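J.: Quick check, what structure comes out for this input:
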Amino acid sequence: MPDSDAAISVAGLHKAFGSKVVLDGIDLHVPAGSIFSLLGSNGAGKTTTVQILSTLVPFDSGTINIAGHDLARDPNGVRRSIGVTGQFSAVDNMLTGEENLILMADLNRLSKRAGRQRAQQLLEQFDLVDAAKKLPAFYSGGMRRRLDLAMGLVGRPQIIFLDEPTTGLDPRSRRGMWETIRRLVTDDGVTVFLTTQYLEEADELADRIAVLDQGKLVAEGTADELKQLVAGGHIRLQFADQYRLDEAARCLPQGARDQEALALKVPTDGSVRALKSVLDRLEEQAIEVASVTVHTPDLDDVFLTLTSAAPAQKETLR
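T.: The predicted structure follows:
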């Protein structure tokens, strides 16, 4: 039976292309009204997962339930419940922004009047009213992405799949898209399934994150939960001179010296209690600290620790 609170429920999903196993028995649970992010390097199986869940590619084995529909038994029910925005835009360059939306309305079998009303509503929602009569060739990258996303929402889907939606956007446009995605959940109650190579993007947006490596899920949880899986947190204490550094090293023998920077790195779990304990011990010995910084593991650390991606691939995830 499907989970009652899940928009997407997957168990034992397996997919191979010939002798190459792309997905090796993965399980997913995506709560309704949330943003779920699937992380992985190029070739990890992210896009294949989206293609299967959106009924574009058949799967070999496993069970998939989306919006209450068994994908194997009722793929049309799944299609009526979802929208998809892929890495490559579905925008027709020969049609204006408004015409692209009306075309999607026709494909969703809306009446002519309802289709025009829906197109106007989405143009307003995605701040594209001034560009409605223009061809997409005159759109910026961010505007084009917003139009692409709006097209996926014409049929009012319960779930939308966003496959690397901000690839190629500049930082300002990327952050604008993040805000748009957040509003889909908070204002419209849409469930978002997001694949991305940008770890900052997953950290900013996702309620839960799964890490996919060579077709297997190697971790899943909130961003904070994933960060706790990785060691490496430390408090960096910098001192004004060698004498104070030496005194601090005697007081905190677990610390690692950085002689050139006159600094000491003390392992920590990132808690306020741990920081206070370190500073209290230094104060008791009257050791003055010039500066204090706290480093806690981020999703880069999680990804690099848990996956087997090649170094060149890892660089694309920063």
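
J.: Kindly export stretch 138-149 (C-alpha atoms) in PDB.
T.: This file holds the C-alpha atoms of stretch 138-149, laid out as PDB (Å, rounded to 0.1, in the frame of the first residue of the first chain):
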ATOM      1  CA  PHE A 138      14.600  38.000 -26.800                       C
ATOM      2  CA  TYR A 139      14.300  36.500 -23.300                       C
ATOM      3  CA  SER A 140      17.100  36.400 -20.800                       C
ATOM      4  CA  GLY A 141      18.200  33.000 -19.500                       C
ATOM      5  CA  GLY A 142      16.200  33.500 -16.300                       C
ATOM      6  CA  MET A 143      13.100  34.600 -18.200                       C
ATOM      7  CA  ARG A 144      13.300  31.600 -20.500                       C
ATOM      8  CA  ARG A 145      13.600  29.200 -17.500                       C
ATOM      9  CA  ARG A 146      10.600  30.800 -15.800                       C
ATOM     10  CA  LEU A 147       8.600  30.400 -19.000                       C
ATOM     11  CA  ASP A 148       9.600  26.800 -19.200                       C
ATOM     12  CA  LEU A 149       8.500  26.200 -15.600                       C
END
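
J.: what's in contact with that stretch?
T.: Residues outside stretch 138-149 that contact it (CB atoms under 8 Å, 6 or more residues apart in numbering): 85, 89-91, 97, 100-101, 126-128, 131, 136, 160, 162, 165-166, 168-170, 172-173, 176-177, 180. The way it works is simple: take the backbone N, C-alpha and C, and place the C-beta from them, glycine included.

J.: After the longest helix along the chain, heading C-terminal, what element do we hit next?
T.: Assignment by DSSP state H gives helix 171-186 as the longest helix of the chain. Later in the chain than helix 171-186, the nearest helix or strand by DSSP states H and E is strand 191-196.

J.: what angle sits between that following strand and helix 171-186?
T.: 150 degrees (axes from the mean of the first three to the mean of the last three CA atoms, to 10 degrees).

J.: which parts of strand 191-196 are buried?
T.: Across strand 191-196, burial judged by 16 or more other CB atoms under 10 Å covers Thr191, Val192, Phe193, Leu194, Thr195, Thr196.

J.: In the stretch 1-150 of the chain, mark out all the helices, start to finish.
T.: Using DSSP state H, counting those that start in this stretch, the helices of the stretch 1-150 of the chain run over 46-53, 75-81, 97-107, 112-125, 141-152.

J.: Within its sheet, name the partner strands of whichever strand or helix holds Ile235 and how each one runs.
T.: Assigned by DSSP H and E, Ile235 falls within strand 234-238. Applying DSSP bridges, strand 234-238 is found paired with strand 263-267 (antiparallel), strand 291-295 (antiparallel).

J.: For Thr196, give me its contacts.
T.: By CB under 8 Å, 6+ apart, the contact list for Thr196 reads Ser37, Leu39, Glu164, Pro165, Thr166, Ala202.

J.: I'd like to know which elements the strand or helix carrying Ala249 is packed against.
T.: Per DSSP H and E: Ala249 is located in helix 242-251. If contacts are counted by 3 or more CB pairs under 8 Å, 6 or more residues apart in numbering; DSSP states H and E, helix 242-251 sits against strand 263-267, helix 272-284.

J.: Now distance to Leu153 and mean neighbour count too, for these, in TSV please.
T.: Below are the helices and strands packed on helix 242-251 laid out as TSV (distance: least, CB to CB, whole Å; neighbours: other CB atoms under 10 Å):
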stretch	distance to Leu153	mean neighbour count
strand 263-267	47	20
helix 272-284	42	13
